[in-house]
Each structure stands twice: as C-alpha cells, then as structure tokens.
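Enquirer: This is a predicted model, with the sequence first.
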Amino acid sequence: MKNMVLIIVTAGMFLLITEESYGIPEFARKYKTSCTTCHTAIPKRNAFGEAFRRNGFVLPKGDAQLIKEEPVSLGAEGWKEAFPDAIWPGVIPPNLPISVYVHNRLTYDPLKPEGKKIGFDMPHELELLFGGAFGNDVGLFGEWIFFEGGQNAVGMQRFFFQFNDIVGPKDALNIKVGRIEPGITSGYMNANRITLDRPITIDYKASGDWRPRDNQTGIEINGILESRFEYSAGVLNGEGKATPFKDRKDVFARVAYKVGGMGLDGSGADVELKETDNWEDNAVTVGAYTYVGNYLKTPSEGGATYSNNFNRFGFDLRAGYGRMELTGGVILGEDENPFGNLKKLKHTAYFSEVDYIFYPWLIGVFRVNRAQSKLVDDDRDKYWEINPNITILYRANIKFSIEGRFRVDEKRTIDGVEKDPSEKRAFRVFRINAMIAF
C-alpha cells in the first residue's frame with residue numbers, strides 16, 4: 001500500500017523538489033553522501049549545510065579527502081612551486097555538474113468560484129540547477145528557469161562564482177560575483193526553508209517595486225572571523241533599472257554573531273560526513289543588516305517617469321535547542337516617492353517561526369507573519385498571516401508536505417488605492433506537495 005501511494009503521487013514526475021534550492025543532487029553524488037548530511041529536510045540546511053553554503057559550496061574542511069568522484073587536474077602540484085613562472089594548478093569536475101528539478105502542486109482555495117477551488121499546478125516550475133567546486137577556493141552555483149506558474153518564464157535566476165580566502169586568514173575574505181540573492185537575507189534565505197510560503201521579512205513588497213530576496217547582479221564581499229562573526233557587503237545594479245549601466249547602484253551590508261554550537265565556518269564538524277541526527281545545533285545567532293537603493297519607473301511601464309529612493313533596516317534571530325529551532329526577524333523601511341506623488345511610505349514587517357523535529361522523518365513548522373505600512377500617517381496595508389506545515393520524509397530525497405495559509409487583511413490597498421471595507425478579506429489556502437530529488 002505504501003509503495004502504491006508513492007507511485008501514484010510521483011507518476012509523471014522525473015525529478016521533483018522545491019522551488020529554489022542551494023542544495024542539489026550533484027553534491028550528494030560528488031561526495032557519495034545523503035541529502036541529510038547538509039539538510040534537515042530538503043531544501044532547509046542544517047548548521048553544516050550552512051557552512052558549506054557560506055564557503056561557496058566547498059566543504060569547510062576542504063574537499064580533497066572527502067571527494068568520491070575525483071576531479072580532473074589542470075596542472076601538476078609542482079606548478080605551485082614554480083609560480084609565478086607557471087600557471088597555478090586547478091581542477092574541474094569529472095562530470096557535468098547539472099541537476100534538473102520539477103516542482104508540482106495541488107492547491108485548494110475555498111475563496112475561488114465553484115469549479116476552480118482545486119487546482120493541479122503540474123509542473124509549477126521546471127528548472128536547471130548546476131553547481132560545483134574548482135578546488136578548495138572557487139565555487140559555482142547557477143539556476144535557469146524554463147517554466148514557472150503556468151507560463152514559459154525562461155531566464156537566468158542566479159549564477160555566481162565565489163572566490164575564497166583572497167587575503168588574510170582562512171575564511172576572512174571571500175568575493176562573490178554574478179547574479180546573487182543579496183547577503184542581507186543570509187539569516188533566513190529564500191532557499192533555506194521547509195515551507196512553500198516565505199517569511200515576510202524577505203518577501204514583503206511594501207511599494208510593489210522591490211523585495212529583499214530578489215536576485216540581482218553585483219559583487220559581494222563576505223567572510224567569517226574567529227569562526228563566530230560573519231559579515232557581508234555588496235554593490236548591486238538594483239531592481240527596476242532598465243540597463244546594467246546606470247550610474248546609481250544599490251548597496252547593502254550585514255553582520256551576524258553566533259554563540260554556541262558549530263562555528264559558522266563549520267568548525268566543530270566531524271571529519272567524516274555525518275548523515276544522521278545532524279539537526280542538533282544548540283546555538284543562538286543574531287544578525288543586523290541594511291539596504292539602500294533606488295527605483296526608477298520609466299514610461300515603458302506606464303505613466304510618468306519618477307525615481308524612488310528607499311532604505312531598509314532589519315534584524316534576524318535563529319536559536320536552536322535539541323529538536324527545536326526558533327527563528328524570527330523584523331524589517332523596517334522607508335520609500336521616499338513610491339507612487340510618484342512625493343509622499344513617503346513607512347513600513348514594518350516581522351515574523352516568528354518554530355520548527356520541531358518529532359522524528360527524523362516528521363517535522364512540524366508554524367510561522368506567523370505581520371505587515372503594516374503607512375502612506376504619510378494613513379494606514380495603507382495591514383495584515384496577519386499564519387503558515388502551518390507538516391513535512392514527512394518518505395526517504396532522505398523524497399518529501400511530502402501539507403501546508404496552509406491563513407491571512408486576515410485589516411486594511412487592503414491595491415496600487416496605492418484603498419479598497420472598500422467589504423473587499424477587506426480573510427482567506428485560507430491549502431497545498432499538498434510531493435518532492436523528489438535524484
């Protein structure tokens with residue numbers, strides 16, 4: 001019976017996982033280890049997986065002794081002795097480091113008209129992911145989406161290199177270049193969640209122009225000092241700019257500190273890759289960040305041309321104890337001219353979440369989101385949102401989940417225009433997902 005259920009759910013799916021992920025089957029093949037080495041439940045990473053991500057997808061203690069698929073050498077070790085009269089030796093992966101993902105959904109929305117309450121969104125997303133390491137000091141990750149949400153949405157979402165240990169002590173200074181998710185979300189990244197819905201601090205569009213998790217092209221420097229202090233800072237093109245050659249760029253910065261548990265650089269991890277009971281990280285990590293940007297609306301988008309300067313400040317918290325993890329965050333912001341009428345928009349959004357591992361294969365999540373914005377002194381947007389989730393790992397690479405979204409709008413606007421009280425609403429959405437990776 002159990003196998004029959006699996007066959008029915010997975011019929012027609014050739015590779016299936018969540019929408020976006022920094023962990024791909026290629027890494028499991030490379031090191032001949034389980035997904036659970038780096039993930040509590042795909043794609044949510046444990047402490048070791050986070051250290052792997054921070055290190056540019058190179059194992060924190062170095063790749064050499066743990067790689068099971070030997071890379072192709074691009075030069076002899078003796079070349080190092082001859083440098084600068086020889087090229088510094090490097091490596092490339094032995095196989096093309098590519099994975100393909102399809103994400104399927106079944107959604108029930110009781111507010112939709114009869115006949116449209118239940119929807120099969122299959123596939124919801126089809127994408128190509130690739131990543132790997134070129135020795136111990138260069139990592140690569142990329143994501144290309146072919147199809148998303150019922151539309152052909154071909155395009156590069158992320159593609160970046162990270163160059164590690166540029167100068168100074170190990171992990172002190174790395175450089176990331178390409179199309180990236182800004183480092184301000186490092187406390188709770190888009191691709192580090194069990195739920196389909198996202199915490200509001202990375203997803204809230206106060207003025208409809210920008211959200212923290214949006215991928216952007218630019219340069220980031222980052223590093224870890226004394227295994228406990230993390231920093232990042234970067235310069236980005238900024239969303240809404242028509243070309244990459246605008247003079248005015250967006251900038252961001254983040255700092256964080258971890259107390260207890262595994263070091264941010266992976267210090268304290270076992271030499272061998274641990275595949276079981278690796279969720280425990282009794283620690284507290286706190287972070288603070290800022291983002292300053294500019295959005296230029298042009299006539300091609302309709303209406304007049306105007307510029308909007310905006311800023312964001314935020315804090316995030318992650319605390320783990322045994323099988324439980326608490327996370328939370330707050331983001332505050334101000335847009336000087338979001339609607340072209342020279343009226344400032346001030347807003348606050350925050351969330352809190354608890355994850356609990358009942359068994360290694362059964363995980364519960366409960367999140368509460370809150371958003372409020374004011375245009376001058378008048379409330380523009382105010383709502384609560386609750387996201388419960390139950391996730392079952394049928395295997396380390398096969399995941400089933402049931403998730404709900406319950407939202408209450410206390411005040412509702414669309415494009416800056418307040419709607420009638422009758423259009424303020426509460427809604428409920430339920431989704432069932434099956435996710436497979438191989």
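Expert: Ah, there it is.

Enquirer: Now the residue most central in space within the chain: which helix or strand?
Expert: Nearest to the mean C-alpha position of the chain, by C-alpha atoms, centre = their mean, lies N190 at 2.3 Å. Under the criterion DSSP states H and E, no helix or strand holds N190.

Enquirer: which residues touch it?
Expert: With contact set as C-beta atoms under 8 Å, 6 or more residues apart in numbering, N190 has these partners: 20, 181, 198, 202, 213. Any C-beta I mention is one placed from the backbone N, CA and C, and that applies to glycine too.

Enquirer: For the strand of greatest length in the chain, the averaged confidence score.
Expert: The residue-count maximum for a strand in the chain (DSSP state E) belongs to strand 378-395. Average pLDDT, strand 378-395: 86.

Enquirer: for stretch 197-210, same thing?
Expert: For stretch 197-210, the mean confidence score works out to 86.

Enquirer: then that stretch to CSV, C-alphas only?
Expert: C-alpha atoms of stretch 197-210 as CSV (Å, rounded to 0.1, in the frame of the first residue of the first chain):
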residue,chain,number,x,y,z
ASP,A,197,5.4,30.3,1.7
ARG,A,198,8.3,32.6,2.8
PRO,A,199,8.9,34.6,5.9
ILE,A,200,7.6,38.1,5.3
THR,A,201,10.9,39.9,6.0
ILE,A,202,12.4,38.6,2.8
ASP,A,203,9.2,38.6,0.7
TYR,A,204,7.3,41.8,1.6
LYS,A,205,6.8,44.3,-1.3
ALA,A,206,5.9,47.5,0.5
SER,A,207,5.6,49.6,-2.6
GLY,A,208,5.4,46.9,-5.2
ASP,A,209,8.9,47.6,-6.6
TRP,A,210,11.4,45.6,-4.5
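
Enquirer: if we can go back for a sec, measure the residue nearest to the centre of the chain to Q157 for me?
Expert: 10 Å (C-beta to C-beta, to the nearest Å).

Enquirer: Check A191 too.
Expert: From A191 across to Q157, the span is 11 Å (C-beta to C-beta).

Enquirer: just the helices in the stretch 151-300 of the chain please.
Expert: Along the stretch 151-300 of the chain, counting by DSSP state H, counting those that start in this stretch, helices occupy 200-203.

Enquirer: what about it, any weak spots by pLDDT?
Expert: For the stretch 151-300 of the chain, applying pLDDT under 70 flags the ranges 151-154, 208, 239-247, 269-277, 298-300.

Enquirer: what ranges do the strands span in the stretch 151-300 of the chain?
Expert: 155-163, 174-180, 216-225, 229-236, 250-260, 283-297 (DSSP state E, counting those that start in this stretch).

Enquirer: What strands line up against the very next helix or strand once past the longest one, and which way round?
Expert: Same thing as strand 283-297. Remark: after strand 283-297, the chain's next helix or strand is strand 306-321, criterion DSSP H and E. Strand 306-321 sits in its sheet next to strand 283-297 (antiparallel), strand 324-335 (antiparallel), going by DSSP bridges.

Enquirer: got the angle between the first one and strand 216-225?
Expert: Inter-element angle recorded for strand 283-297 and strand 216-225: 160 degrees (by axes from the mean of the first three to the mean of the last three C-alpha atoms, to 10 degrees).

Enquirer: now the last one
Expert: Using the same axes, to 10 degrees, the inter-axis angle of strand 324-335 relative to strand 216-225 is 130 degrees.

Enquirer: strand partners of the helix or strand following strand 324-335, parallel vs antiparallel please.
Expert: Downstream of strand 324-335, the next assigned helix or strand under DSSP H and E is strand 345-359. As defined by DSSP bridges, the strand partners of strand 345-359 come to strand 324-335 (antiparallel), strand 362-375 (antiparallel).

Enquirer: Can you point out the buried residues in stretch 342-352?
Expert: Going by neighbour count (16 or more other C-beta atoms under 10 Å), the buried part of stretch 342-352 is 345-352.

Enquirer: picking up where we left off before, pick out whichever of the contacts of N190 sits closest to G404.
Expert: Relative to G404, the closest of the contacts of N190 is R198; by C-beta to C-beta it sits at 14.7 Å.

Enquirer: would you turn the strands of the stretch 151-300 of the chain into a markdown table with mean neighbour count and distance to K374?
Expert: Putting those into a markdown table (neighbours: other C-beta atoms under 10 Å; distance: least, C-beta to C-beta, whole Å) gives the following:
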| stretch | mean neighbour count | distance to K374 |
| --- | --- | --- |
| strand 155-163 | 17 | 33 |
| strand 174-180 | 19 | 31 |
| strand 216-225 | 20 | 27 |
| strand 229-236 | 19 | 27 |
| strand 250-260 | 18 | 24 |
| strand 283-297 | 19 | 19 |
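
Enquirer: Please tabulate these in JSON lines and include distance to Q372 as additional columns.
Expert: Converted to JSON lines, the strands of the stretch 151-300 of the chain look like this (distance: least, C-beta to C-beta, whole Å):
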{"stretch": "strand 155-163", "distance to Q372": "30"}
{"stretch": "strand 174-180", "distance to Q372": "29"}
{"stretch": "strand 216-225", "distance to Q372": "26"}
{"stretch": "strand 229-236", "distance to Q372": "27"}
{"stretch": "strand 250-260", "distance to Q372": "23"}
{"stretch": "strand 283-297", "distance to Q372": "19"}
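
Enquirer: And the average pLDDT for stretch 137-145 is what?
Expert: Averaging pLDDT along stretch 137-145 gives 84.

Enquirer: Name the residues that touch it?
Expert: With contacts defined as C-beta under 8 Å, 6+ apart, stretch 137-145 is touched by 20, 22, 55-58, 90, 97, 125-134, 153-165.

Enquirer: Filter those down to the buried ones, PyMOL style.
Expert: Buried members of the contacts of stretch 137-145, defined by 16+ other C-beta under 10 Å, are picked up in PyMOL with:
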select buried, resi 20+22+55+56+57+58+97+125+126+127+129+130+131+132+133+134+157+158+159+160+162+164+165
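
Enquirer: any idea how far A206 is from L375?
Expert: Distance from L375 to A206, by C-beta to C-beta: 10 Å.

Enquirer: list residues touching both of those two?
Expert: Taking C-beta under 8 Å, 6+ apart as the contact rule, the neighbours common to L375 and A206 are L345.

Enquirer: quick one, which of these two is more surrounded?
Expert: Of the pair L375 and A206, A206 is the one with more neighbours under other C-beta atoms under 10 Å, namely 24 against 21.

Enquirer: residues in contact with the residue nearest to the more buried one when sequence neighbours are not counted?
Expert: Distances taken as C-beta to C-beta, 6 or more residues apart in numbering place H347 nearest to A206, at 4.2 Å, with adjacent residues excluded. For H347, the contact set (C-beta under 8 Å, 6+ apart) comprises 204, 206, 332-335, 371-374, 381.
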